[in-house]
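**Q** Model the structure of this input:
(one chain, ligands or ions: 1)
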Amino acid sequence: MNNVKKVRQVKCYRCGETFGTKGNRGRFCSMCLQKHKNEYYVEWTKQRKKKYPWYASYLSAKCRCNTKSDIGFHRYGGRGIKFLISMEELKTLWFRDKAYNLEKPSLERMDNDGNYEFSNCEYIENRENSRRGNLGKSLSKETRDKISETRKEHYRRLRNG
Ligand SMILES: [Zn+2]
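**A** Numbering: from 1, shown residues only. Below is the predicted model of the structure:
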């Protein structure tokens with residue numbers, strides 16, 4: 001007996017088309033497999049959002065600090081702000097601050113120049129968050145120009161790869 005697997009003709013579970021496969025797990029044709037994976041991913045994301053609602057803030061904060069191509073990097077990682085909080089700690093904060101009661105829970109740092117760490121983080125309502133963000137309007141013109149210049153530079157670099 002040789003080990004070369006023969007192509008078997010099987011019926012796709014989804015569209016019913018017959019297609020050739022070498023594997024034993026051929027249930028979907030390649031077209032349907034992609035769709036199946038996409039749906040599975042969407043479903044999985046939904047489940048994750050339900051089960052671990054703090055995961056989104058974990059990911060976005062981590063990206064702002066560690067990913068240079070992130071749109072907010074210049075305001076976080078670029079300013080030396082470090083991401084030092086774990087999923088487990090975020091979970092604790094989530095329940096401590098009763099973030100599940102908030103309309104749009106948002107992870108904030110109490111000290112704006114401090115790191116993302118347990119002692120410096122809290123969950124607050126997003127509206128309040130944006131109110132804090134509006135404080136930016138009181139910044140001097142030079143600072144604002146500098147920020148917008150950094151942002152432009154960021155986009156330029158993104159465009160040029
Ligand atoms: Zn199919």
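
**Q** Please make it C-alpha for all contacts and neighbour counts, starting now.
**A** Noted.

**Q** what's the burial count for Tyr41?
**A** 12 (other Cα atoms under 10 Å).

**Q** helix or strand for it, which one?
**A** In this structure, Tyr41 sits in helix 30-51 according to DSSP states H and E.

**Q** any idea how far Ser106 is from Glu89?
**A** According to Cα to Cα, to the nearest Å, Glu89 stands 15 Å off from Ser106.

**Q** Compare neighbour counts for those two and give me the winner.
**A** Ser106 (21 against 15).

**Q** And the pLDDT at the residue lying closest to Met110 once chain neighbours are set aside?
**A** Using Cα to Cα, 6 or more residues apart in numbering and skipping residues adjacent in sequence, the residue nearest Met110 is Asn120, 5.4 Å away. Turning to Asn120, the model gives it a pLDDT of 95.

**Q** same thing with the one 3 residues further on?
**A** Reading off the confidence values, Tyr123 has pLDDT 94.

**Q** Find me whatever residue is spatially closest to it, sequence neighbours aside.
**A** For Tyr123, the closest residue by Cα to Cα, 6+ apart turns out to be Leu107, at 4.6 Å.

**Q** residues contacting that neighbour?
**A** Ser57, Cys121, Glu122, Tyr123, Ile124 (Cα atoms under 8 Å, 6 or more residues apart in numbering).

**Q** That one - that's part of a strand, no?
**A** Yes - under DSSP: H, G, I helix; E, B strand; the rest coil, Leu107 sits within a strand.

**Q** Cys121 contacts Met110, correct?
**A** Yes - Cys121 is within contact range of Met110, at 6.0 Å (criterion: Cα atoms under 8 Å).

**Q** higher neighbour count, the two?
**A** Per other Cα under 10 Å, whichever of Cys121 and Met110 has more neighbours is Cys121, with 19 against 14.

**Q** ok, that one to Leu84 distance?
**A** For Cys121, the distance to Leu84 - Cα to Cα - is 11 Å.

**Q** neighbour-wise, which of the contacts of Leu107 leads?
**A** Highest count within these by other Cα under 10 Å belongs to Tyr123, 25 neighbours.

**Q** For Arg109, give me its contacts.
**A** Here Arg109 is in contact with Asn115, Tyr116, Asn120, Cys121, Glu122 (criterion: Cα under 8 Å, 6+ apart).
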